[in-house]
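Asker: Need coordinates for the following:
(one chain, ligands or ions: 1)
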Amino acid sequence: MKILKTNIELAEWLSEIREKGVSVGFIPTMGALHQGHVDLVNKSTEENDYTIVSIFVNPKQFNNKQDFEKYPVNIGTDIDVLEKALCDAVFVPDYNEVYPEKSKFVKLELGILNKVFEGPGRPGHFEGVIQVVYRFFNLIQPTVAYFGLKDFQQCMVIKMLKNEYFPKIKLQFCPTTRNKIGLAMSSRNARLSTAGEQNASRIYQVLNVVKSLHQHIEPTDALNYGKILLKNAQIEVEYFSLANADTLAPVNAWQKTNKNVLLIAAYIEGVRLIDNIVF
Ligand code: AMP
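Answerer: Below is the predicted model of the structure:
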């Protein structure tokens, strides 16, 4: 596997492989790789001639300085994981490669996406995601880019970015990978104690309970019941809501013709976790 640290090294590798007219799958990550990331890599290697992963902990997408400082970094292990997954190249740029002095601020009108759930919950987060993904898409010009549906709202933001600036790049949104007890894999899970991790698995259980009440009782009652279960489990909820899965507009009634999505952000042992379920 090629380890590329600079934009020049990246450009050279890309021009070598493009001479053969190949398809390139790209997975942007912040490292501390787990099975969720590996599943995206596997999907890309199945579907493309070459797969490249970026590892860059993007300071611009952290609204909370402590969260950024505590973000787990383990490049050595990540490289082993990617080698085992038969990834072809990893791009590990430093800050100045990603954001050279005169790099422009990319504007994208997010509308409702910045006003609900992760928008107000993490001010500036999506603007930061847009800057980094715009930069990587420009540098790499992948055939297909892979993202996880665990970050449901992020997928919608990326779709807007693609529609506005990168019509040729295909997007693949992939299902959430969970551990044996149902907890959505996340680099942040490493900060949970064993008991905390066990407790965090209740998030997915509650999502399923509320989903099972779909059409039987009013959504507000179902959500309130879910919130009681979470409170009893000492899980502190930031938001737990029902929305239209195509627009993310919050809804007060189960969608019969459209898809529903239940979205949650919650804290366990001071760690902010998100999850969702679409039905
Ligand atoms: P991150 O390193 O957290 O920025 O994530 C990089 C990519 O991996 C994003 O597209 C995430 O949505 C995706 N991802 C993270 N966790 C999971 C998971 N448990 N299942 C599937 N995709 C994931």
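
Asker: For the rest of this, base every contact and every neighbour count on C-alpha atoms.
Answerer: OK.

Asker: how much space between the residue lying closest to Leu33 once chain neighbours are set aside and Arg202?
Answerer: Once flanking residues are discounted, Leu33 sits nearest to Asp78: 5.7 Å by C-alpha to C-alpha, 6 or more residues apart in numbering. Distance of Asp78 to Arg202, given as C-alpha to C-alpha, to the nearest Å: 28 Å.

Asker: Which residue ranges of the stretch 51-200 of the chain form helices?
Answerer: 65-70, 75-84, 95-98, 118-121, 125-140, 152-165, 194-212 (DSSP state H, counting those that start in this stretch).

Asker: Thr247 belongs to a strand?
Answerer: No - read with DSSP: H, G, I helix; E, B strand; the rest coil, Thr247 is coil and lies in no strand.

Asker: now for the helices of the stretch 51-200 of the chain, which one comes closest to the ligand?
Answerer: The ligand lies closest to helix 152-165 among the helices of the stretch 51-200 of the chain, at 7.5 Å (C-alpha to the nearest ligand atom).

Asker: Which residues does that closest one contact?
Answerer: Residues outside helix 152-165 that contact it (C-alpha atoms under 8 Å, 6 or more residues apart in numbering): 108, 110, 113, 118, 126, 130, 134, 147-149, 169, 171, 173, 248, 276.

Asker: do the same with stretch 174-192
Answerer: Residues from elsewhere that reach stretch 174-192 (C-alpha under 8 Å, 6+ apart): 31-36, 39-40, 71-72, 146-150, 197-198, 200-205, 268-269, 271-273, 275.

Asker: in that stretch, what counts as buried?
Answerer: 174, 176-178, 183-187, 189, 191-192 (16 or more other C-alpha atoms under 10 Å).

Asker: Kindly report the same for stretch 158-170.
Answerer: Going by neighbour count (16+ other C-alpha under 10 Å), the buried part of stretch 158-170 is 158-162, 169.

Asker: Output it as PDB, restricted to C-alpha atoms.
Answerer: Output of stretch 158-170 as PDB, limited to C-alpha atoms (Å, rounded to 0.1, in the frame of the first residue of the first chain):
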ATOM      1  CA  ILE A 158     -22.400  15.500   0.900                       C
ATOM      2  CA  LYS A 159     -25.100  14.900  -1.600                       C
ATOM      3  CA  MET A 160     -25.700  18.700  -1.800                       C
ATOM      4  CA  LEU A 161     -22.000  19.300  -2.200                       C
ATOM      5  CA  LYS A 162     -21.800  16.800  -5.000                       C
ATOM      6  CA  ASN A 163     -24.800  18.300  -6.800                       C
ATOM      7  CA  GLU A 164     -23.400  21.800  -6.500                       C
ATOM      8  CA  TYR A 165     -19.700  21.100  -7.400                       C
ATOM      9  CA  PHE A 166     -19.000  17.500  -8.400                       C
ATOM     10  CA  PRO A 167     -21.700  16.100 -10.600                       C
ATOM     11  CA  LYS A 168     -19.400  13.400 -12.000                       C
ATOM     12  CA  ILE A 169     -18.500  11.800  -8.700                       C
ATOM     13  CA  LYS A 170     -20.800   9.000  -7.700                       C
END
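
Asker: Many thanks, have a good one.
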